[in-house]
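K.L.:
Return atomic coordinates for the entry below.
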Amino acid sequence: MKKNIAIIMGGYSSERDISIKSGTVVHQYLDKEIFNPYRVLISRDKWVCLDDDDRELLIDKSDFSVYISEKKINFDCVFNAIHGSPGEDGLMQAYFELLRIPQTACEHYEAALTFNKRDLLSTLKPYGIHCAESYYINSGDIVSEEKIISKVGLPCFVKANRAGSSYGISKVYRKENLKTAIAKAFSEDSEVIIESFLDGTEVSVGVITYKGVVTVLPITEIVTENDFFDYEAKYEGKSTEITPARITKTQLENVTKWAKYIYTTLGLKGYTRSEFIFIKDIPYLLEVNTTPGLTEESILPQQAKKAGISLKALFGSAIEEAMR
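P.N.:
Modelled structure (predicted):
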């Protein structure tokens, strides 16, 4: 009997449109002989299931069910394709855990931890993970440019602490531009992290559980036409993504070891994509994404293709792992 799969997409953040693209690709490629996939659009004002004619059918939040043609549909598993809140910060994971519905992303605590850049880096540093120097600001704090520069130097990166896809990020070269960059980051989140600039090769490392085995996918090197890997570089063709990355054997061994170590130490599951910058042979962690992009052009599907894993197999495996 085919399993009913809810593909949740959308969400509350600036990444909503990207998430819908990811979810649509999952819906397209899931094996229809094994699964009955349903598109579920999550927004602040309503949760709806889209039928084949894109009509909106309200989700019953009490048990996450929907009526289609007067028949109640319960879901056997949820495929989480929401980037940002509430799919990547643990809110949806906690909801489904209460309902005892398996879902493809990591659990709620691990999602909240990895979504919070400050907490993630603070947790991993004692394990020997290398990270950039950082400075934290909360909304309402007095901003001292002198203290910031003394800690992280110039240039530096100003980021929203809990946001993805390069929303709210700026590279700052001059002291007088710090406050504008901080205001931009605060437009995305009430917490800001400011990090020192790392001058080296940037790579993206996909780690997944595939057919029961934690697997590090072929590594991607990021070469951007812009000053850094910003939204335009990620989604508007202003970068070159080279898989496999042009890195040394030592660099490959080091980043593979650390990416897998982070995945297993934090108890992650499903798909993850970690970003690193090499300083000589040492990979410095930037962030860990637990619901990465899943369009044909996204980095993790590119890596899976290089590993000989089709999108149908990649997406099907995530559901099988969640339901195992």
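K.L.:
and the residue nearest the centre of the chain, bridged to which residues?
P.N.:
Of all residues in the chain, the one closest to the mean position by C-alpha atoms, centre = their mean is residue 289, 3.0 Å from it. On the basis of DSSP bridges, residue 289 is bridged to residue 273.
K.L.:
which ones are touching it?
P.N.:
Residue 289 makes contacts with 83, 88, 114, 164, 272-275, as judged by C-beta atoms under 8 Å, 6 or more residues apart in numbering. The C-beta positions use only the backbone N, C-alpha and C, and glycine is treated the same way.
K.L.:
Kindly recompute the last result at 10 Å.
P.N.:
By C-beta atoms under 10 Å, 6 or more residues apart in numbering, residue 289 lies in contact with 83, 88, 114-115, 164-165, 204, 206, 271-275, 299-300.
K.L.:
Out of those, list just those in helices.
P.N.:
Counting by DSSP state H, the part of the contacts of residue 289 found in helices is 114-115, 299-300.
K.L.:
Pick out the most distant pair among those.
P.N.:
Using C-beta to C-beta, the two most remote members of the ones in helices among the contacts of residue 289 are 115 and 299, lying 18.3 Å apart.
K.L.:
how about residue 39, secondary structure?
P.N.:
Local secondary structure at residue 39 is given as strand here, using DSSP: H, G, I helix; E, B strand; the rest coil.
K.L.:
That one contacts residue 27, doesn't it?
P.N.:
Yes: the pair residue 39 / residue 27 is scored as a contact, 5.4 Å apart, by C-beta atoms under 10 Å.
K.L.:
Find residues that contact each of those two.
P.N.:
Contacts common to residue 39 and residue 27, judged by C-beta under 10 Å, 6+ apart, are 7, 9, 50, 81.
K.L.:
and those as a markdown table, adding secondary structure?
P.N.:
Putting the shared contacts of residue 39 and residue 27 into a markdown table (three-state DSSP) gives the following:
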| residue | secondary structure |
| --- | --- |
| 7 | strand |
| 9 | strand |
| 50 | strand |
| 81 | coil |
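K.L.:
Mind putting these into JSON lines with neighbour count and distance to residue 62?
P.N.:
Putting these into JSON lines (neighbours: other C-beta atoms under 10 Å; distance: C-beta to C-beta, whole Å) gives the following:
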{"residue": "7", "neighbour count": "29", "distance to residue 62": "21"}
{"residue": "9", "neighbour count": "29", "distance to residue 62": "21"}
{"residue": "50", "neighbour count": "18", "distance to residue 62": "20"}
{"residue": "81", "neighbour count": "31", "distance to residue 62": "23"}
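K.L.:
got the residues you listed as TSV, with pLDDT and distance to residue 131 columns?
P.N.:
Putting the shared contacts of residue 39 and residue 27 into TSV (pLDDT from 0 to 100; distance: C-beta to C-beta, whole Å) gives the following:
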residue	pLDDT	distance to residue 131
7	98	34
9	98	31
50	97	41
81	98	28
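K.L.:
For the residues you listed, work out which two are farthest apart.
P.N.:
If you compare every pair in those using C-beta to C-beta, the most distant one turns out to be 50 and 81, at 13.4 Å.
K.L.:
mind checking how far stretch 306-318 is from the chain centre?
P.N.:
Its chain's C-alpha centre and that of stretch 306-318 lie 18 Å apart, by C-alpha atoms, centre = their mean, to the nearest Å.
K.L.:
in that stretch, what counts as buried?
P.N.:
By neighbour count with 16 or more other C-beta atoms under 10 Å, stretch 306-318 contains the buried residues 307, 309, 311, 314-318.
K.L.:
Quick one: the strands in the stretch 51-200 of the chain, in order.
P.N.:
Counting by DSSP state E, counting those that start in this stretch, the stretch 51-200 of the chain has these strands, from start to end: 56-58, 65-68, 71-74, 77-80, 130-131, 134-138, 156-160, 170-172, 191-196.
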